[in-house]
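Q: output the structure for:
(3 chains)
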Amino acid sequence: MPMARRSPNDTSPAISLQPLAHDELPLDTIALAKFLVGKMLVRHGTDGPMTGRIVETEAYPPGDDACHARSGRTQRNASLFLPRGHAYVYRAYGSAMMLNISSEEEGTGAGVLVRAAEPLGGIAAMRMRRGVEDVRRLARGPGCLAQAFEIGFDLDGKLYAPESGIWLADDGFSRTEIASSKRIGITRNADQPWRYFVRSSPWVSGPAWLNRAPS
DNA sequence: TGAAAGATTCGCT
DNA sequence: GCGAATCTTTCAG
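A: Reported below is the predicted structural model:
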């Protein structure tokens, strides 16, 4: 496993990928969405480990009309009702896979969409899978991110943990420049400022005017 | 059983 | 920057 080697002799500035335990995640959906910006996403795919820093998320809290859980539990959205820290994977527009993290208590349908990441490790594998050279376009946008990180339905319902092949980590990156905006690409309840991202980051998706807007 | 909408992406102008 | 492609899920009749 590509677990962080934390040898005391390792004085390199290498990122230490300490997996986040599920009880370290905020229970509240909005708090979780903010919390995840700046955290590491680690994926152990068929071509080896890949890592990236999450730079953009969107919250879909309980009672939100845009949340897929709004009409109750179905086969498709069942993972949203799992305890926080589980993966919810679905397909939008026929082809784009979307990666989410469930939030709140078990039985409450809510989650956080991971929209973009800064690729850090396994970039060669991401390039191959995406068919794109430009690093900035590897994981910008939820569908692109999912393709780069080899996200499929097999991950749906899995707990974010090393044994699942996908997990979250905190390398101590400080998140001082988090901005918020309206969420992208939705029509229901579209005015809520529940999108969170690193301001001025070249890795975030969305139109430039939205990313410059004051939070 | 049919119709409509959708947490997007890509290519072309 | 704009518009078409795409196909699954869900809801209505």
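Q: next, the buried residues of stretch A:198-207.
A: A:198, A:199, A:201, A:203, A:204, A:205, A:206 (16 or more other Cβ atoms under 10 Å). (Glycine included, C-beta is placed from N, CA and C.)
Q: redo the residues you listed as CSV? Include pLDDT.
A: Output for the buried residues of stretch A:198-207, formatted as CSV (pLDDT from 0 to 100):
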residue, pLDDT
A:198, 94
A:199, 90
A:201, 91
A:203, 95
A:204, 95
A:205, 96
A:206, 92
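Q: can you name the two of those residues that sit furthest apart?
A: Farthest pair in the buried residues of stretch A:198-207 (Cβ to Cβ) is A:199 and A:205. Separation: 13.8 Å.
Q: circling back: out of the buried residues of stretch A:198-207, which comes closest to residue A:182?
A: Residue A:182 has its nearest neighbour among the buried residues of stretch A:198-207 in residue A:206, at 9.6 Å by Cβ to Cβ.
Q: what residues does chain A put near DNA strand B?
A: Residues of chain A lying close to DNA strand B by Cβ under 7 Å from any atom of the strand are A:58, A:60, A:66-68, A:80, A:88, A:92-96, A:98, A:100, A:111, A:113, A:130, A:132, A:137, A:141-145, A:183-188, A:205.
Q: out of those, list just those in strands.
A: Taking DSSP state E, the ones among those that sit in strands are A:58, A:60, A:88, A:92, A:96, A:98, A:100, A:111, A:113.
Q: list buried members of those residues by neighbour count.
A: Buried subset of these (neighbour count, 16+ other Cβ under 10 Å): A:58, A:60, A:88, A:98, A:100, A:111, A:113.
Q: the second one touches residue A:77, doesn't it?
A: To tie it back to what came earlier, the one meant is residue A:60. No: Residue A:60 is beyond contact range of residue A:77, at 10.4 Å (criterion: Cβ atoms under 8 Å).
Q: hey, what's in contact with both of those two?
A: When contacts are counted by Cβ atoms under 8 Å, 6 or more residues apart in numbering, the set common to residue A:60 and residue A:77 consists of A:68, A:69.
Q: below-threshold pLDDT in chain A: ranges please.
A: A:1-16, A:175, A:213-215 (pLDDT under 70).
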